[in-house]
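Q: sharing a model that was predicted from the sequence below.
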Amino acid sequence: MADERHRDREEIDVYYDNPEMLDRDQEFKEETAAEIAAPVNVSRDFEEDTEEESTTSGRVLGYSALALSVLSLFILPVIMGAAGIVIGFVARRRGAETLGAWAIGIGAVSIIVGLFVLPFF
């Protein structure tokens with residue numbers, strides 16, 4: 001045991017006497033932990049699953065936006081029409097193109113009617 005400590009001490013002394021040797025050996029004594037991390041699996045299956053979820057949530061948002069826009073024709077046209085338009089844009093981004101477009105159009109008509117036509121009646 002004492003012999004091993006003595007030998008280790010001699011190796012350290014050699015490194016202190018010769019700094020180039022210390023630099024050369026240090027590049028091999030680095031500790032890495034790449035073997036602990038799980039490899040990242042990037043595949044087409046994962047992308048297809050997220051696309052399906054996105055379309056489903058877009059459809060739900062599209063129907064919600066359409067309901068808000070139609071309801072805005074009768075109640076609070078400016079507020080509910082604006083909400084229908086905003087949610088319609090979000091639905092179009094998530095894949096419900098037609099529902100989002102209808103919600104945007106009906107919401108815009110509701111706001112125009114609410115601001116420019118209804119005050120005269």
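A: Received it, and whenever you're ready, just let me know what you need.
Q: from here on, just use CA atoms for contacts and neighbour counts.
A: Fine.
Q: any stretches of this structure with poor pLDDT?
A: 1-54 (pLDDT under 70).
Q: what ranges does it have for its helices?
A: 2-17, 19-26, 44-72, 77-93, 97-112 (DSSP state H).
Q: contacting residues around stretch 69-88?
A: 61-62, 64-68, 99-108, 110-111, 114-115 (CA atoms under 8 Å, 6 or more residues apart in numbering).
Q: OK, contacts around G62?
A: 87-88, 91-92, 96, 99-100, 103.
Q: can you pick the most crowded of those residues?
A: Counting neighbours by other CA atoms under 10 Å, G88 comes out on top of these with 32 neighbours.
Q: nearest spatial neighbour of that residue, skipping sequence neighbours?
A: Closest residue to G88 apart from its sequence neighbours, by CA to CA, 6 or more residues apart in numbering: G100 at 4.1 Å.
Q: tell me how far the one you found lies from I75.
A: 20 Å (CA to CA, to the nearest Å).
Q: what of I106?
A: 13 Å.
Q: equivalent analysis for G58, please.
A: 25 Å.
Q: same check on A91?
A: Counting by CA to CA, the gap from A91 to I75 is 22 Å.
Q: equivalent analysis for V60, please.
A: V60 is 22 Å from I75, by CA to CA.
Q: and L68, what does it touch?
A: 80-81, 83-84, 103, 107.
Q: which residues does the nearest residue to R93 once chain neighbours are set aside contact?
A: Here the nearest residue to R93 in space, its sequence neighbours aside, is G58; by CA to CA, 6+ apart that works out to 7.6 Å. Shown in contact with G58 (CA under 8 Å, 6+ apart): 90-96.
Q: make it 10 Å
A: 52, 64, 87-97, 99-100 (CA atoms under 10 Å, 6 or more residues apart in numbering).
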